[in-house]
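Participant: Just to be clear, the model below is a prediction. Sequence and coordinates:
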Amino acid sequence: MERILVCTDGEEQTLKAEERAVELAERFGATVTGLYVLSPFLKKFTHEIYAVNRNECRAHLDASLKREGEMALEALGKRCAARGVPYVPRMRHGEIADEIVSEAAEGGYDLLIMGAKLLKNWRERLESYKVPEDVFKRAPIPMMFVR
């Protein structure tokens, strides 16, 4: 195993996935690539804003989301550096599952690691956006889910 792709977003289950990726990379001498996807989901709501400063609102949202991603990638980078694991940050723009699958297909990775929530009841399953499940169905490389 030489290259591990781990998806990050700052959520609790993602932090656990990051830790597993760093542990495996340390054990096998692999490089960790952290992937953060900037989703267009929130931007669609700015089309609803009919205020004079709509463009400023969009710019602020873009900057805020980008900074959030940079912070998540920086935190993962620090975890890797603390353990002497080579690290490559990646940020992509688009639908989350699509971008993860594309990165996995294009990057020459040996393993994809994602955090996954334990959905406790039918309502959570119905209301949850199932990115891990969607990626699993289309991923071109082996995957590991961490709860």
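Facilitator: That came through fine.
Participant: so what does the top helix by length along the chain touch, helix or strand wise?
Facilitator: Among the elements of the chain assigned as helix by DSSP state H, the one spanning the most residues is helix 54-82. Packed against helix 54-82 by the contact rule (3 or more C-beta pairs under 8 Å, 6 or more residues apart in numbering; DSSP states H and E) you find helix 12-28, strand 31-38, strand 87-93. All C-beta atoms are positioned from the backbone trio N, CA, C, and that covers glycine.
Participant: quick one, which of the ones you listed is packed in tightest?
Facilitator: For these, the stretch with the most neighbours on average is strand 31-38, a mean of 23; neighbours defined as mean count of other C-beta atoms under 10 Å.
Participant: residues in contact with that one?
Facilitator: 2-9, 18, 21-22, 25, 65-66, 69-70, 72-73, 76-77, 80, 85-94, 96, 99-100, 103, 107, 109 (C-beta atoms under 8 Å, 6 or more residues apart in numbering).
Participant: From the residues you listed, keep the buried residues only.
Facilitator: A residue is treated as buried here by neighbour count (16 or more other C-beta atoms under 10 Å); on that basis the buried members of the contacts of strand 31-38 are 3-9, 18, 21-22, 25, 65, 69, 72-73, 76-77, 80, 85, 87, 89-90, 92, 96, 99-100, 103, 107, 109.
Participant: partner strands of the host helix or strand of residue 113, parallel or antiparallel?
Facilitator: With elements taken from DSSP states H and E, the one containing residue 113 is strand 111-115. Within its sheet, strand 111-115 is paired with strand 3-7 (parallel), strand 143-146 (parallel), according to DSSP bridges.
Participant: what is the mean pLDDT for it?
Facilitator: The predicted model gives strand 111-115 an average pLDDT of 94.
Participant: send the alpha carbons of that strand over as CSV?
Facilitator: Below are the C-alpha coordinates for strand 111-115, written out as CSV (Å, rounded to 0.1, in the frame of the first residue of the first chain):
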residue,chain,number,x,y,z
LEU,A,111,-7.3,2.5,-0.6
LEU,A,112,-10.2,5.0,0.0
ILE,A,113,-11.1,5.6,3.6
MET,A,114,-14.3,7.4,4.6
GLY,A,115,-16.1,8.1,7.9
